[in-house]
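[1] structure for the following, please:
(2 chains)
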Amino acid sequence: MATPTTTQVPRLSAEEAGYLTAGPGRAAETVLARLIDVGAVRVSRDGHVTAVLQNDYKATTSVEARILSYARTPVQFDTIVQSTANCNEMAALNQYLRDRGLAQLPRRSNPVWGVYLALAFLLVLLSFSVPVVLLGVPIAAAIALWQRGRQAVTATGKAALRQVTATDRVHAVALYGFCGKINGQAVADLFELSQSIVKMLPLKQSRRSRSSSYSGAGSVSSCSSCGSGCGSSSCASSSSCSSSGSSCSSGSSCSSGSSCGGGSSSCGGGGGGS
Amino acid sequence: MAGITDLGVGIGWRSEIDLTVERLPGVDFVEVVAENLHIGHLPESVTLLLERGIPVLPHAVSLSLGGADPVDLNRVEHLGKIAEAVGAPMVSDHVCFVRAGGLDSGHLMPVPRTKDALDVLVANVRLAQQNLPVPLALENVAALLEWPDGELTEGQFLAELVERTDCWLLVDVANLYANARNIGTDPERFLDEIPLERLAYVHVAGGEQHGDVYHDTHAHAVLPEVLGVLDELCSRVTPPGVLLERDDNYPSDTEIASELAAIRAVVDKRRG
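    The predicted structure follows:
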């Protein structure tokens, strides 16, 4: 009897899940959420984030350390998210996800890919009468595949993301963002943050419902990050975004979608931009 | 002072810790820096505290009452309007100067303790009082130097100021401790010399020793020695209120709460 083989799906930290869900801005939100959760930073009513003086708290990731360092003096909520989304530590996180095969450099979809596919099909038909044209089929097919583009999240990354559920408020931010909702409740409410604060982040439009495999799934409008289109699983699972998610990136600073997966540095606004 | 017999224990309201101040248990009153507020749009947090019935006392830092120039009535007017906006029973500033010759020091500078300097201070305090809708309390400052040719001790200087202007006193026990460390003054003598019946309330704050100098930073924990000066004060009089000032490096809500509890413990111990 053959031994059944199982594919190990990597476990994701909250900030990794945030990154794969919606790009570096969402990852920045997630790290900020964790710091609020452990009381390492506080947010004021007017949206200023300040590190709490704690002798016993040590940053658990380089992105956390970066935020704590930045927030020694009060920083506006959206500014710290954007800045963190664009920092070197976030680029390192992107590289780490790529090294583990969870993310990849995305390629923007070009609508002409269908033309090349049709050409390949036509060449196959023609080859019955003129066999030599069969040589052009792999070329046309290859061009079609190339032009079709690819998403920032790999199949492995999507599989890993499907394991992530909003079991706590930090993961709720990773999956839905501060501006999102979970079971009808605003994620911001879980942190006692007013809407005026989280709405400093640019509102994403036309977010898709998440797959039912996510707990607390619901239609969300999220204001995260450089992009829900940047490797978002919700985008990846939607047909309108299947060609690299560019259609999901409206409203974000990361307008091309493809630029997000290539590293946070290319993702201008990070947490939002204007 | 009508309406203020027992302020209790309070904390300086700062925008960075507004939600903390709202959540902290046992905050009986707060103090706001008058220069940081604007008439017509008080911070939401301050409005919320007022709705809860928490007294809000404006504290000024820019009147420069000890300066040689006449007090700037625009600043006095602003302080008065803030007092009216928050329904404060009194306002306060410092016995100091912060500008001279058109330059701002950026620091609360001690005034020379001479009769001439006292005359100037008294004139400015009277002018301010005439233009304020509520009583004025004045606070002793922390000094890193003493001007030469002083004729009065700090306690004598303040006692005479109270006698001539009928102002109230805001005693900062952290400043008394700092002065004792840095320029060798005696907090007990100070407390002996001031009219404690004119005590409005008390400030407590943290600081840090840097080399030979103790810095009244308001950004570090309150030292036990500062609480010791508070205890000494409470052994002589029951202060109407005691307020914790924290202006930077804000610790966790728990730590702030424990500092307030430590202050309350000192006050309650003496109250019996």
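[2] that's a strand at residue B:99, yeah?
    Yes: assessed with DSSP: H, G, I helix; E, B strand; the rest coil, residue B:99 lies in a strand.
[3] that one pairs with what?
    Note on residue B:99: beta-bridge partners by DSSP bridges are residue B:104.
[4] burial of it, as a residue count?
    Residue B:99 has 16 neighbours, counted by other CB atoms under 10 Å in any protein chain shown. For every residue, glycine as well, the C-beta is placed using N, CA and C.
[5] also residue A:105?
    Neighbours around residue A:105, by other CB under 10 Å: 12.
[6] can you check the one 5 residues further on too?
    The burial metric for residue A:110, expressed as a neighbour count using other CB under 10 Å, is 17.
[7] who touches the nearest residue to it once chain neighbours are set aside in this structure?
    Nearest non-adjacent residue to residue A:110, counting by CB to CB, 6 or more residues apart in numbering or on different chains: residue A:147, 4.3 Å away. Shown in contact with residue A:147 (CB atoms under 8 Å, 6 or more residues apart in numbering or on different chains): A:109-110, A:112-113, A:116.
[8] do residue B:97 as well
    B:64-68, B:105, B:109, B:111.
[9] drop anything exposed from the contacts of residue A:147.
    Among those, those classed as buried by 16 or more other CB atoms under 10 Å in any protein chain shown are A:109-110, A:113, A:116.
[10] for residue B:227, which non-adjacent residue is spatially closest?
    Nearest in space to residue B:227, with sequence neighbours left out and distances taken as CB to CB, 6+ apart, is residue B:266 at 5.5 Å.
[11] now do the same contact list for the one you found.
    Counting by CB under 8 Å, 6+ apart, residue B:266 touches B:227, B:230-231, B:234.
[12] closest residue of chain A to chain B?
    Chain B sits closest to residue A:53 of chain A, with a gap of 4.5 Å, by CB to the nearest CB.
[13] all helices for the stretch 101-250 of chain A, in order.
    A:113-126, A:136-148, A:155-162, A:169-176, A:187-190, A:195-198, A:233-236 (DSSP state H, counting those that start in this stretch).
[14] reformat the ones you listed as JSON lines; add mean pLDDT.
    Putting those into JSON lines (pLDDT from 0 to 100) gives the following:
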{"stretch": "helix A:113-126", "mean pLDDT": "83"}
{"stretch": "helix A:136-148", "mean pLDDT": "80"}
{"stretch": "helix A:155-162", "mean pLDDT": "95"}
{"stretch": "helix A:169-176", "mean pLDDT": "97"}
{"stretch": "helix A:187-190", "mean pLDDT": "96"}
{"stretch": "helix A:195-198", "mean pLDDT": "90"}
{"stretch": "helix A:233-236", "mean pLDDT": "33"}
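[15] between the ones you listed, which gets nearest to residue B:39?
    In terms of CB to CB, the element of the helices of the stretch 101-250 of chain A nearest to residue B:39 is helix A:195-198, at 21.9 Å.
[16] which residues does the closest one contact?
    A:43, A:45-47, A:77, A:178-179, A:186, A:188, A:223.
[17] could you provide the contacts of residue B:266 in JSON lines, with additional columns for secondary structure, neighbour count and distance to residue B:74?
    Shown next, in JSON lines, are the contacts of residue B:266 (DSSP: H, G, I helix; E, B strand; the rest coil; neighbours: other CB atoms under 10 Å in any protein chain shown; distance: CB to CB, whole Å):
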{"residue": "B:227", "secondary structure": "helix", "neighbour count": "20", "distance to residue B:74": "38"}
{"residue": "B:230", "secondary structure": "helix", "neighbour count": "26", "distance to residue B:74": "35"}
{"residue": "B:231", "secondary structure": "helix", "neighbour count": "16", "distance to residue B:74": "41"}
{"residue": "B:234", "secondary structure": "helix", "neighbour count": "20", "distance to residue B:74": "38"}
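[18] check these and tell me the two furthest apart.
    In those, two members sit farther apart than any others by CB to CB. They are B:227 and B:234, at 9.9 Å.
[19] how many neighbours does the residue lying closest to residue A:75 once chain neighbours are set aside have?
    Sequence neighbours aside, residue A:49 is the residue nearest to residue A:75 in space, at 5.2 Å (criterion: CB to CB, 6+ apart). Look at residue A:49: counted by other CB under 10 Å, it has 24 neighbours.
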